[in-house]
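S.K.: let's see this in three dimensions:
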Amino acid sequence: MWHKSSWPAATIILLSCLWRADISSAVGISGDSLPTPPPDFRELLEDVTVSRSDDLLREALDLVNSGKYEAAIRKIRAHLETKPNSAPAYELLGAAQVLEGGIDDGLKSLKKAVQIDPKQSTAITKIGDVYLTQGQSKKAKEEFLKAIHIAPANNRAHQRLGILYEREGKANLAIEHYEKGVVDTPSGYIGIKVNLAGLYNVTGQFDKAVALLEGLLTPDSKDATAHFILGNGYLGLKKTAKAIDEYNRVLKLEPLSERAPLALAVAYREQGNHDASLKELEKVLKIKPSWAGGYFQMGETLFAMEQYDAALENYKKAEKLSSHPVGIQKRIAAVYLKQGKYRDAVPIYKSILQTKDASMESYELLASAYQMSEQFDLAEPIFKEMVLKFPDKAYPVYRLGVFYGYVKKYDQAISELKKALAMSPEDPAILKALSIAYNQKGERVSAIEIARTITKLRPKSIPDKFYLAALTQDAHRDKEAIVLYREILAQNPNHLGALNNLAVVLSDGGRTEEALQVSQKAMLEGPENGFILDTHGWILFKQNKYQESLAVLNKSLSLSPNNPVTMYHVATVYNALHNTQAAKENLEKALSVSNDFKGAEDARKLLKLLNGKDTPTQ
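M.R.: Below is the predicted model:
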């Protein structure tokens, strides 16, 4: 067996992108391959071929296979006395000497075989194997490459090269050689297929990993690592229940190992079973109480449960125990962002930028932390530095453009987003940001045209179509908006936003009866949604159903107490019911919340009328 009996290379992206290089190293799992066991020297005999006419060599081969190396060596030497230029004899002699423990003598004999016949690919492979066992990887690689140059279908040389490239972290090269190494192997052969499947997982090719191992393993198979890697493949394919079955098999085979409960914890977390995830992590920490990885994963599960204080406590324990804490520090900063403690996240991202782990993401996160803490003068130069550091990437330019839009510098936003679009012409995210920037600037025609381009690129995307519909609605292109909302509802009849907005457009166009039918369906889908209730209540008002309207609008206001539009609507209904005081109170409150909402101008006019005097517009 050539596969590892411990963590597979990079331990997949533990499991759904969790074990990226920065995270895996941070929690104590090396991103490189773990040391591979040395080859079993008995494999040196796998490709030894002896001529039928060479009785002495055939007898020697039988003796070697029986473990009678000394007797075999005597017969081979006797054969060489009569045939001193026999490359197969020297190859068999070298194999026998190595198996007997005479590494140096064996190596000399194998080299003699190649000297006699430079095309003796199998002898060259054996030389590589000997170097491999001696830890001389560079020399081993040279021999395996020579062997493949002579015989491109040399399976064993390909397998060994796969192992060497896996050790070097060169996943694609390792996969290439492993794939050639398993060609024509017996159907039940496992061997390096486990290594290959592990690398498929690392590179996100989960379907290939599952296809390679699924037919080889039975529930009773005792190969824990193979079950583990198959479980990782299932988890990568979101087949969580199957992954859990495989991990439980590993747990039975390795009751004292941490990898099975750790993997189960991740799988249960993916499944949303957080309590089960925590129980497995408690097992992990009992096995390895001072392991950063256990505390890190505990933090991950608590983070998923939105228990941010508890997550932070575990991340900090992991940070203290880890020899490479950068990945953990990023998660600590992520907690601060979730808690709105943007200024606490800033020093973490600043420190990461001073390390070799600095990445484009690090720049963005620092700039975003500055942005969210409203330190715009500090955010802007970081975004600009990110653009300079990664000149061939469209994303930094796009992100700078989004920042300018956030701070309402729309001309600069549009300029940067156009640059990003030139680098990536059909990127929907860039197009969407550019459309938003034009819309915020008041150039709705341009905004709509770009939004329409996005829907052509992704015609089945409901969010894209909904965005276009909302833009046309705001531009008072009611007919176009109605068509778009109906198209969305044809795809998804229960789309709450489309139902609500269609009801609004129909109501604004005087089609209140049709609007009421649509809003009633929206009410069924979102009975506790303040915006849905506001739309429904306003339509009832337009139908002169004042008491019914007021009840619905007041409920809407209880659900969305700071919505100035609903306050204005409530005030209007109170005015229709001749409750002037309640109407004035709601109008004043609406205008104190915002002076720029849909209906704000009408609210000011009504308040002026009710007060009998001018009202400040703030």
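S.K.: and the next element down the chain from the one helix or strand in the chain whose mean pLDDT sits lowest?
M.R.: Lowest mean confidence among the helices and strands of the chain (mean pLDDT, DSSP states H and E): helix 21-26, at a mean of 31. Sequence order places helix 55-65 as the next helix or strand after helix 21-26, per DSSP states H and E.
S.K.: of all the residues in that next one, which ones are buried?
M.R.: For helix 55-65, a neighbour-count test (16 or more other CB atoms under 10 Å) marks 56-57, 59-61, 63-64 as buried. The C-beta positions use only the backbone N, C-alpha and C, and glycine is treated the same way.
S.K.: and the next helix or strand after that helix, which residues are buried?
M.R.: Next helix or strand after helix 55-65 toward the C-terminus (DSSP H and E): helix 69-82. The neighbour-count check on helix 69-82 (16+ other CB under 10 Å) flags 69, 72-73, 75-76, 79-80 as buried.
S.K.: now do helix 69-82 against helix 55-65: the angle between them, please.
M.R.: Computed with axes from the mean of the first three to the mean of the last three CA atoms, to 10 degrees, the direction of helix 69-82 lies at 160 degrees from that of helix 55-65.
S.K.: tell me the average confidence for helix 69-82?
M.R.: What helix 69-82 shows for mean pLDDT is 92.
S.K.: for the stretch 401-550 of the chain, give me the ranges with low pLDDT.
M.R.: Within the stretch 401-550 of the chain, no stretch has pLDDT under 70.
S.K.: isn't residue 326 up against residue 355?
M.R.: Yes: Residue 326 lies in contact with residue 355 (CB atoms under 8 Å); the separation is 6.2 Å.
S.K.: in which helix or strand would I find residue 421?
M.R.: If you go by DSSP H and E, residue 421 is part of helix 410-423.
S.K.: restricting to C-alpha, output that helix in CSV.
M.R.: What follows is helix 410-423 as a C-alpha-only set of coordinates in CSV (Å, rounded to 0.1, in the frame of the first residue of the first chain):
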residue,chain,number,x,y,z
TYR,A,410,-20.7,58.5,-8.5
ASP,A,411,-18.5,59.9,-11.3
GLN,A,412,-15.4,58.2,-9.8
ALA,A,413,-17.4,55.0,-9.2
ILE,A,414,-18.5,54.9,-12.9
SER,A,415,-15.0,55.6,-14.1
GLU,A,416,-13.5,52.8,-12.1
LEU,A,417,-16.2,50.3,-12.9
LYS,A,418,-15.8,51.0,-16.6
LYS,A,419,-12.1,50.2,-16.3
ALA,A,420,-13.0,46.9,-14.5
LEU,A,421,-15.6,46.1,-17.2
ALA,A,422,-12.9,46.6,-19.9
MET,A,423,-10.8,44.0,-18.2
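S.K.: in terms of pLDDT, where does residue 51 sit?
M.R.: 65.
S.K.: what of the one 4 residues further on?
M.R.: At residue 55, the model reports a pLDDT of 80.
S.K.: now the buried residues of helix 69-82 as a markdown table including distance to residue 183?
M.R.: Compiled in a markdown table, those are given as follows (distance: CB to CB, whole Å):
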| residue | distance to residue 183 |
| --- | --- |
| 69 | 32 |
| 72 | 31 |
| 73 | 34 |
| 75 | 34 |
| 76 | 31 |
| 79 | 33 |
| 80 | 34 |
